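**Student:** Sequence below, structure please.
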Amino acid sequence: MTKNWDQNEFLKQTPSFQLVYLISEDELDIKSKDIQLMDVKLVFEKALKSESTFTDYIELYQGELTEDLISLALASGEYSRFKVDPRLNRGEFEKLYQIWITKALQKREVLVYGKMEGMVTCSVEGELGQIGLIAVKESSRGKGIGEKLLKKVESWALEKGARKMKIPTQKANTPASNLYRKMGYKIDSKTFIYHYWNEEFKVRDERREARD
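**Tutor:** Numbering: from 1, shown residues only. Sure thing, here's the model as predicted:
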């Protein structure tokens with residue numbers, strides 16, 4: 001989105017849309033109650049180096065999609081805009097994260113710690129590795145599992161040719177940001193993401209459902 005943000009012009013162009021995502025490198029001047037800031041997305045980056053790492057109990061997962069794996073995928077989205085937006089109330093968050101973990105499984109991009117105590121997904125394209133989902137089971141937190149998962153996935157990505165790793169997270173996710181900084185990552189970009197909901201569209205949709 002350009003810096004020439006015009007809220008009135010935007011609202012004129014959206015009568016036929018129920019939900020619109022606004023993505024900007026700069027914070028926008030918002031006056032409409034229908035447009036809410038849902039996420040300040042941070043992308044951390046780090047150059048990867050070959051080094052021996054302690055990666056006990058972590059391996060590439062090759063099993064089926066299980067409830068434990070789905071639970072970890074959902075835990076990775078604890079601060080997700082798809083979860084924190086109360087207007088997304090039809091299971092969109094759960095459906096989306098289940099799709100993401102399913103695709104990662106199909107591509108053999110899921111690493112797990114122990115008996116599903118932690119999980120990380122990572123894709124590698126050329127020299128770039130990108131972490132998608134990362135989570136530690138609530139009862140297993142505070143044991144350094146997140147750090148071990150990062151070390152392992154960095155080594156795994158290096159073997160596949162990656163020379164740089166990127167990790168997206170939410171600004172509100174302070175524990176994740178602190179971990180990434182501890183592991184040598186630095187912020188590469190910051191993005192402001194807003195959700196616009198057309199309340200009139202929603203009312204029309206609800207009336208249509210009521211008639212059906």
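
**Student:** which regions of the chain sit below the pLDDT cut-off?
**Tutor:** For the chain, the stretches with pLDDT under 70 are 1-3, 52-55, 201-212.

**Student:** How many neighbouring residues does residue 79 have?
**Tutor:** Using other C-beta atoms under 10 Å, the number of residues around residue 79 comes to 16. (C-beta placed from N, C-alpha, C; glycine too.)

**Student:** which SS state does it fall under?
**Tutor:** Classification of residue 79 by DSSP: H, G, I helix; E, B strand; the rest coil places it in coil.

**Student:** list the contacts for it?
**Tutor:** Each residue near residue 79 by C-beta atoms under 8 Å, 6 or more residues apart in numbering is listed here: 169, 170, 172, 173.

**Student:** Next up, identify which helix or strand the third one is on.
**Tutor:** It stands for residue 172. Using DSSP states H and E, residue 172 maps to neither a helix nor a strand.

**Student:** circling back: out of the contacts of residue 79, give me the two with the largest separation.
**Tutor:** Spatial extent of the contacts of residue 79 (C-beta to C-beta) is set by the pair 169 and 172 at 9.0 Å.

**Student:** Among those two, which residue is more densely surrounded?
**Tutor:** Neighbour count, other C-beta under 10 Å: between residue 169 and residue 172, residue 169 has more, with 24 against 15.

**Student:** gap between that one and residue 6?
**Tutor:** 30 Å (C-beta to C-beta, to the nearest Å).

**Student:** hang on, residue 183 packs against residue 147?
**Tutor:** Yes. The criterion here is C-beta atoms under 8 Å, and residue 183 meets it with residue 147 at 6.6 Å.

**Student:** Now do the strands in the chain.
**Tutor:** For the chain, strands defined by DSSP state E occupy the ranges 19-24, 35-47, 58-60, 110-113, 118-125, 128-136, 164-170, 186-197.

**Student:** Just put the ones you listed in JSON lines and tack on distance to residue 66.
**Tutor:** Output for the strands of the chain, formatted as JSON lines (distance: least, C-beta to C-beta, whole Å):
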{"stretch": "strand 19-24", "distance to residue 66": "31"}
{"stretch": "strand 35-47", "distance to residue 66": "28"}
{"stretch": "strand 58-60", "distance to residue 66": "15"}
{"stretch": "strand 110-113", "distance to residue 66": "10"}
{"stretch": "strand 118-125", "distance to residue 66": "11"}
{"stretch": "strand 128-136", "distance to residue 66": "14"}
{"stretch": "strand 164-170", "distance to residue 66": "25"}
{"stretch": "strand 186-197", "distance to residue 66": "31"}
